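Asks: pasting a predicted model and its sequence here:
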Amino acid sequence: MTQNLIDLELSAQSLAAIDAALATLEIELTPLLGLDPESRRGLTKMGDKSEAFCRQAVVAFSQNADVLPRNFDLPAYQRDLATLDALRPRRQRLDRLQELLEDSEMAVGSDLMTASLEGYAVLKVAGKGTGLDGLRQMLSARFNRGRRETVVLEPTPA
């Protein structure tokens, strides 16, 4: 093999521990909300400047609760900010793990594909007449392209 980007072997014990940790996350994060694309589009978004505004607002509202309308739920508003502060660093950690998982999966796939192509190239040359024709033909199916129908457009009469 000329390429070996990653050489990773996860033990059964490691996989069991990872699965247990994921199960715990799934249980503990059950209250999380899922949104469909249409709902996402319709939401008011909070960017960096908006977050600063919200943080200033919570201070102002907390100090002047008496001027807020009666139906304004200040404790819920304060909980939302606390929830944001609690969720964000955990999401960032999960994002980093997600990126590492995707990159590792891609590297393993690339290693596999590169090694497979190398082995197939050798098999095509060295495997002739050694009883490997069926195997070689089976592997060649990856490269067979179906016939593409050519569409010929006839000029329209003027």
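Replies: Thanks, I have it.
Asks: what about Asp3, how many neighbours?
Replies: Rather than Asp, residue 3 is Gln. 13 (other Cβ atoms under 10 Å). For glycine as for every other residue, the C-beta is placed from the backbone atoms N, C-alpha and C.
Asks: where does it land on pLDDT?
Replies: Predicted confidence (pLDDT) at Gln3: the value is 95.
Asks: contacts only, for it.
Replies: Residues in contact with Gln3, defined by Cβ atoms under 8 Å, 6 or more residues apart in numbering, are 110-111, 114-115.
Asks: which residue is nearest the centroid of this protein?
Replies: Gln98 (6.2 Å; Cα atoms, centre = their mean).
Asks: okay, it: pLDDT?
Replies: At Gln98, the pLDDT value in this model is 98.
Asks: for it, pull up the helix or strand it's in.
Replies: helix 74-126 (DSSP states H and E).
Asks: following the chain onward from that helix, which element is next?
Replies: Using DSSP H and E, the helix or strand that follows helix 74-126 in sequence is helix 133-140.
Asks: for that next one, buried residues please.
Replies: For helix 133-140, a neighbour-count test (16 or more other Cβ atoms under 10 Å) marks Leu139 as buried.
Asks: also stretch 110-121?
Replies: Within stretch 110-121, the residues that count as buried by 16+ other Cβ under 10 Å are 111, 120.
Asks: off-centre distance for that stretch?
Replies: Chain-centre distance of stretch 110-121: 25 Å, with Cα atoms, centre = their mean, to the nearest Å.
Asks: with stretch 44-56 instead?
Replies: The answer for stretch 44-56 is 26 Å, by Cα atoms, centre = their mean.
Asks: what's next to it, contact-wise?
Replies: With contact meaning Cβ under 8 Å, 6+ apart, stretch 44-56 is reached by Leu81.
Asks: okay, now Pro37: neighbour count?
Replies: Applying other Cβ under 10 Å, we find 7 residues neighbouring Pro37.
Asks: so what's it up against?
Replies: Pro37 neighbours (Cβ under 8 Å, 6+ apart): none.
Asks: again, but for Ile18
Replies: Leu10.
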